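Make a model of this:
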Amino acid sequence: MPGPHASFLRDGQRLLLQHGPIDLVVHADGDRKEAFDAAIERFATILTELVDELDVLRCPLAKGAARPIGDVARRMHGAASCLRFAGYVTPMAAVAGAVADEILGAMRMTAELRRAYVNNGGDIALHLREGETFRTQIHHHDGQPLGQITINATDGIGGIATSGRHGRSMSMGIADSVTTLARSAALADVSATLIANAVDLPGHPAVTRCAAHEIDDQSDLGAERIVTGCARLTPADCGRALSNGMMLAERWQHRNLISGTAIFLQGHATVTKGPMFSLQHKERHYA
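The predicted model follows:
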C-alpha cells in the first residue's frame, strides 16, 4: 500500500491527505501554512498507529477490557465509553471522527486559527474562534439536498458526523442517514452510529438483515445483525422508526452528550430542537 500523500485541491485553499482508506479534506483560515504543515506531519503515522491496535479497537467495550495506547485510539475509546451504556459499541464507531479531531488538534497546537475544519468522509472536526460561523449542506446518498447546518462559535460544537445504512459502515438500523452535532467529531461519530441503530422496526417484513461477519469477516460488529435492505414503508412505519431514534437523540441532548440530531428515512425527517438545522422539506417532518 502506498504511503501517506498530501496535495492541494483545485481551489488551492484546501489540503487533501490520503493514506489507505483515509481521505481528509483540510481547511484553515489564519496561519494556514503552519496549520497545513502540522496536519501533514501528524497524518504521516496515523494509519500505522491504528493498524497496530486494531485487535483492541474492534473489541466491544466491557469492564476490564484492554485500553488502547495511541492518541487517536484513546480518543476513539473515550468517545465510545461515553455511550457504552447504549448497547453494542466498539471504539471503531468513533474512528473517522477521532482521526479528524487528532489532525485538527495538531493544527490548533501549532497555528493561530480563526476557522478550521478537517472533513473525514463527512465526519467533520470543527474549530471556530469567537464571531465565526460554519455552514454545510446535508445531502441524501443520491446527492439530493436535505437541508443546511449553521454553527456559531458560541454553540460549543466541535464535531459533525453522519451515519446510516447508506454510509461507509454497516448499520443495525434502517435510517437513510443520521447527522449529529457534538463537542467533538469522535463523540458525534459514535452518537450518530448508535442513533442510526435505534431507527428501526424490529421484526418488520420489509427489513432484511444478516450477521455482519457474513459481509465482512473483519467487521467489529461480528455476529450482530445488520440491515441489508429496507423496502418501501408506510408513513406510519417511518414515523415509528424515526420516533425510536429521536427518543434516544433527545435523551442524549438533554444530558448534554450531543447538541442536536437530524434523522432521515424514505423522504421523512425529524430533527431535535435548536437553530442549527434547517431542513429542505418541512412538510415531511415528524414533530
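
Hmm, residue 189 and residue 158 touching each other?
No. When contacts are counted by CB atoms under 8 Å, residue 158 is not listed as touching residue 189 (11.9 Å). C-beta coordinates here come from the backbone N, C-alpha and C atoms, glycine included.

Going by neighbour count, list what's buried in stretch 200-208.
200, 201, 207 (16 or more other CB atoms under 10 Å).

so how far is residue 25 from residue 192?
Distance, residue 192 to residue 25, by CB to CB, to the nearest Å: 19 Å.

same deal with residue 203?
Distance from residue 203 to residue 25, counting by CB to CB: 41 Å.

Check which helices and strands whichever helix or strand residue 214 is part of sits against.
Using DSSP states H and E, the element containing residue 214 is helix 212-215. Under the contact criterion of 3 or more CB pairs under 8 Å, 6 or more residues apart in numbering; DSSP states H and E, helix 212-215 touches strand 225-230.

Tell me how far the helix or strand hosting residue 192 lies from the chain's centre.
Residue 192 is part of helix 185-198, with elements assigned from DSSP H and E. Distance of helix 185-198 from the chain centroid (CA atoms, centre = their mean, to the nearest Å) equals 6 Å.

residue boundaries of the helices in the stretch 51-200 of the chain?
Counting by DSSP state H, counting those that start in this stretch, the stretch 51-200 of the chain has helices at residues 54-57, 71-82, 95-110, 185-198.

Kindly reformat those as a markdown table and extend each row with mean neighbour count.
A markdown table is the format used below for the helices of the stretch 51-200 of the chain (neighbours: other CB atoms under 10 Å):
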| stretch | mean neighbour count |
| --- | --- |
| helix 54-57 | 16 |
| helix 71-82 | 22 |
| helix 95-110 | 26 |
| helix 185-198 | 30 |
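
who wins for proximity to residue 266 among those helices?
Residue 266 sits nearest to helix 185-198 of all the helices of the stretch 51-200 of the chain, at 14.2 Å, using CB to CB.

quick one: average pLDDT of the closest one?
Helix 185-198 carries an average pLDDT of 97.

Check stretch 155-170 too.
Rounded mean pLDDT across stretch 155-170 is 91.

continuing past the top helix by length along the chain, what's the next helix or strand?
Ordering each helix of the chain by length in residues (DSSP state H) puts helix 235-254 first. For helix 235-254, the following helix or strand on the C-terminal side (DSSP H and E) is strand 260-265.

Please tell me how far stretch 103-119 is from the chain's geometric centre.
19 Å.

And the contacts of it?
Contact with stretch 103-119 is made by 17, 24-32, 34-39, 41-43, 46, 100-101, 124-129, 132, 134, 185, as judged by CB atoms under 8 Å, 6 or more residues apart in numbering.
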